[in-house]
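A.B. asks: Structure for this input, please:
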Amino acid sequence: MGDIKALQLDKSSWDDAQVLMSRWGRYGHYDGTCDGSFCRYNIELQSPLRRLANNRFGIYLGNDLLTTLLYPLILSVEYNGPMAELRTHFAVQDRVVQRKSASFWYVTPRTIAAAGEASLIAVVRADSHAGGTNEWGWEQLADHPYFVVTRPGGCTFCLMAKITFAMDTPTEEANRLLSFNLSCLTDVLPCKYLEDVYPPAEAWHMYDGAVGGRPGDPSWKWPGTESRGDCKVPLFARGREADSIISVTALSETTAKDQAEESDRALVRLDSTIKGKIGRSSGEMLDVGLVHDYESSKRRFEYPMTTGKSFLLIVPNPDLVTKKLDLDWCLIISDSPEARAELTRPGPMSMQMRVPDPEAKTFVPW
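C.D. replies: Numbers count the residues shown, from 1 in each chain. Model prediction:
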């Protein structure tokens, strides 16, 4: 893990990557080609007991008789652990390290887990975006602008945290997110909670009250849920998460109300594209609107949808840019040189991979 943390995104070279590949070659592999132009390399480690249990039918031992003789030991391993797998990954493009990730899978012994064997899993991945384009992600970025935390909804055998951090994350923060409690492998008492395996999860209370989740403060709320109406997501984070940013001028405005919501709309002229591509030409007219509840509308909005004013529209998905465009109000910002500078802050966050990661959307890492 020290070697993986030492790899600096957009800085470490192909030569640095080759040093790791040489050091960990016994446990590493890659698919397809691997050279300075592009290489995606994986290093996989299993605890001896995990490897033994995974190959109970002689694949690992290579001898049916020996497997039969040792079968009581293998059963003991499965029921008493510890068993674990650690996987790390990095990708090189144009002779520079552009991605890295790590995952730790720890199986609690069946004598500890109240409902039988349970897997405690943490997956940490770097990407060009932190994943803030959905509502839940935006709320989190108000509290921690460099990463987003999610968990699977249908995993019946595990408690799992998946963390995606952006490439512009400060090194100290990235290394904190890439920290697992590997002493779970050697401590006399097995680890029981997800927070034991992955200490950063202590602050998130992802599984309060569940088997394998440490009991927490019942009054705690997810980061950002109290600040959405103030739109505290930093501009640089909003710009990083957007695939496209456009400049527009408002030509007219309307406001409609019903029992629960207000809908603000404006006819705007597309002036220019600041970031990305949207498939629209300068001078085109767009019907731009947003919907907000009355509670948030009581607060001071970041912008007035005033006729004649210029705005920057942050578009999470360029496919959304049609003649009628609806955006979260945090994505409509008064145009100014300062706002443009923050929204288009240079850095590695815009780097895209020519060869997509086949497991980028996979929750369980294997």
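A.B. asks: Could you give the number of residues near Arg99?
C.D. replies: Arg99 has 22 neighbouring residues, counting by other CB atoms under 10 Å. To be clear about C-beta, it is placed using only N, CA and C from the backbone, and glycine gets the same treatment.
A.B. asks: All further residue positions should be reported with the first residue as 55.
C.D. replies: All right, first residue 55 from here; so that's Arg153.
A.B. asks: Buried residues, whichever strand or helix holds it. List them.
C.D. replies: For Arg153, the element it lies in under DSSP states H and E is strand 150-162. For strand 150-162, a neighbour-count test (16 or more other CB atoms under 10 Å) marks 150-162 as buried.
A.B. asks: And the next helix or strand past the helix or strand of the chain with the lowest mean pLDDT?
C.D. replies: Scoring the helices and strands of the chain by mean pLDDT, DSSP states H and E places helix 348-351 at the bottom, with a mean of 48. Counting by DSSP H and E, the next helix or strand C-terminal to helix 348-351 is strand 364-369.
A.B. asks: ok, and what's touching that next one?
C.D. replies: For strand 364-369, contacts defined as CB atoms under 8 Å, 6 or more residues apart in numbering pick out 292-293, 295-304, 322, 325, 328, 330, 332, 342, 357, 359, 375, 379, 381, 384-389, 393-394, 397.
A.B. asks: Enumerate every residue touching Gly337.
C.D. replies: Gly337 neighbours (CB under 8 Å, 6+ apart): Arg323, Leu324.
A.B. asks: List phi and psi for it.
C.D. replies: Backbone dihedrals for Gly337, given as degrees, to the nearest 10, come out at phi 100, psi -20.
A.B. asks: ok, now the one 4 residues further on?
C.D. replies: According to degrees, to the nearest 10, the main-chain angles of Asp341 amount to phi -100, psi 110.
A.B. asks: What is the neighbour count of it?
C.D. replies: 14.
A.B. asks: pLDDT score for it?
C.D. replies: On the pLDDT scale, Asp341 is placed at 86.
A.B. asks: Check the one 4 residues further on too.
C.D. replies: Looking at Val345, its pLDDT is 59.
A.B. asks: can you check Pro288 too?
C.D. replies: pLDDT, read off for Pro288, is 91.
A.B. asks: what about the residue lying closest to it once chain neighbours are set aside, neighbour count?
C.D. replies: Among residues not flanking Pro288 along the chain, Pro199 sits closest, at 5.0 Å (CB to CB, 6 or more residues apart in numbering). Close neighbours of Pro199, defined as other CB under 10 Å, add up to 22.
A.B. asks: so what's Leu324 bridging to?
C.D. replies: Val302 (DSSP bridges).
A.B. asks: and it, what does it touch?
C.D. replies: Ile300, Ser301, Val302, Arg334, Ser335, Ser336, Gly337, Glu338, Met339, Leu340.
A.B. asks: quick one on the thing from earlier: assumed the residue nearest to Pro288 was part of a strand.
C.D. replies: No: according to DSSP: H, G, I helix; E, B strand; the rest coil, the state of Pro199 is coil, so it is not within a strand.
A.B. asks: domain assignment for this structure?
C.D. replies: 56-257, 296-342+358-400 (automatic domain parsing).
A.B. asks: From one end of the last one to the other, what's the distance?
C.D. replies: According to CA to CA, to the nearest Å, domain 296-342+358-400 extends 14 Å from its N-terminal end residue to its C-terminal end residue.
A.B. asks: what's the answer for the first one, then?
C.D. replies: Between the opening and closing residues of domain 56-257 lies a distance of 23 Å (CA to CA).
A.B. asks: Where do the helices of the chain begin and end?
C.D. replies: Using DSSP state H, the helices of the chain run over 56-60, 68-77, 102-108, 118-134, 189-195, 225-231, 248-251, 289-295, 348-351, 391-397.
A.B. asks: Worst mean pLDDT among these?
C.D. replies: helix 348-351 (a mean of 48).
A.B. asks: count of residues packed around Gly56?
C.D. replies: 6.
A.B. asks: I'd like to know how far it sits from Arg334.
C.D. replies: 48 Å (CB to CB, to the nearest Å).
A.B. asks: Pop out the phi and psi values for the residue lying closest to Ala176 once chain neighbours are set aside.
C.D. replies: Nearest non-adjacent residue to Ala176, counting by CB to CB, 6+ apart: Tyr252, 3.7 Å away. Geometry field for Tyr252 lists phi and psi as phi -130, psi 90, criterion degrees, to the nearest 10.
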